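>>> I would like the atomic coordinates for the input below:
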Amino acid sequence: MEAQTILVLVGGAGATEETAVVAPYEMEKLWEGIDECKRAPEVADVHLLELAAGAARVLVATQETDGVTARALVDLPACEVVEMRGNMHTATCTACYDSEHIAYAIGEHRCAHCGEWMMPDVVPPGASILTNTECRMRAWIKTMRPGVCYVVDAAVPFASCVRPFIQYAKQHGCAQVVHVSTDPSYKVKNLRGGETLQRRL
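Residues are numbered from 1 along each chain as shown. Sure thing, here's the model as predicted:
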């Protein structure tokens, strides 16, 4: 079978629930949640890796903020990864706005320059993704014209969030949309015309 150009939209909250807390007096609690996520074993989705490896060109847009997907796919030259809600391994100072890479700084959450709290570079729940991220995704879809769109780890809220990108892909030649879900509440009625559902255990 000829390799296709595909779009993969990946669910998963990552650390986004913790990042809703932004009050200065609760920053320590926020970082406890982030550190706990960073200590968790890194397990990439095997199904996702297989999809990406078999494609001619692929854009993987993920809502995960732990960076696992991006690192798992880094060696695939045909694959581009967009982290729709940012990455918890980078942070910006809340006072002087200096940015730092904090991947190996568990327990160190203060700015090296002024001593104030650092804020993880992630988009809080309920907030829209950054404009430049949306533009990047739409530009890729318009240029590459993916033939298939996979919505992986589909849950009802996530599918609603990415619906505009699904519709945009359809407008630019995407003939097949496949929702891949382990969520038992995900019903066929959540699909639109011609879309299919694959359930995973």
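
>>> mind checking which helix or strand of this protein has the lowest mean pLDDT?
When each helix and strand of the chain is scored by mean pLDDT, DSSP states H and E, strand 99-101 comes last, with a mean of 66.

>>> can I get the CA coordinates of whatever helix or strand comes next after that one in PDB?
Downstream of strand 99-101, the first helix or strand assigned by DSSP states H and E is strand 118-122. The C-alpha trace of strand 118-122 is given here as PDB (Å, rounded to 0.1, in the frame of the first residue of the first chain):
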ATOM      1  CA  MET A 118       8.700  30.200  37.400                       C
ATOM      2  CA  MET A 119       5.400  29.400  35.500                       C
ATOM      3  CA  PRO A 120       5.300  26.300  33.300                       C
ATOM      4  CA  ASP A 121       4.800  27.100  29.600                       C
ATOM      5  CA  VAL A 122       1.500  25.300  29.200                       C
END
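
>>> so what are the sheet partners of strand 118-122 and their directions?
Take DSSP bridges as the rule and strand 118-122 pairs in its sheet with strand 86-93 (antiparallel).

>>> quick check: E26 vs D121, distance?
Here E26 is placed at a distance of 18 Å from D121 (CB to CB, to the nearest Å). All C-beta atoms are positioned from the backbone trio N, CA, C, and that covers glycine.

>>> so where do the helices sit in the chain?
For the chain, applying DSSP state H gives helices covering 27-39, 46-53, 68-72, 131-144, 156-171.

>>> and for the chain, the residue most distant from the center?
Distance to the chain centre peaks in the chain at C114, reaching 31.2 Å (criterion: CA atoms, centre = their mean).

>>> quick check: it touching T94?
No: using CB atoms under 8 Å, C114 is not in contact with T94; the gap is 9.5 Å.

>>> shared neighbours, these two?
Common contacts of C114 and T94 (CB atoms under 8 Å, 6 or more residues apart in numbering): none found.

>>> which residues does T196 form beta bridges with?
Going by DSSP bridges, T196 is paired in beta bridges with V178.

>>> state the distance from it to Q63.
T196 is 21 Å from Q63, where distance means CB to CB.

>>> so which of those two has more stuff around it?
Neighbour totals were compared for T196 and Q63, and Q63 leads with 22 against 11 (other CB atoms under 10 Å).

>>> straight-line length of stretch 88-97, end to end?
From its first residue to its last, stretch 88-97 covers 16 Å (CA to CA, to the nearest Å).

>>> flag every buried residue along that stretch.
88-91, 93 (16 or more other CB atoms under 10 Å).

>>> how far does that stretch sit from the chain's center?
20 Å (CA atoms, centre = their mean, to the nearest Å).

>>> I'd like the average pLDDT over it.
For stretch 88-97, the mean pLDDT works out to 82.
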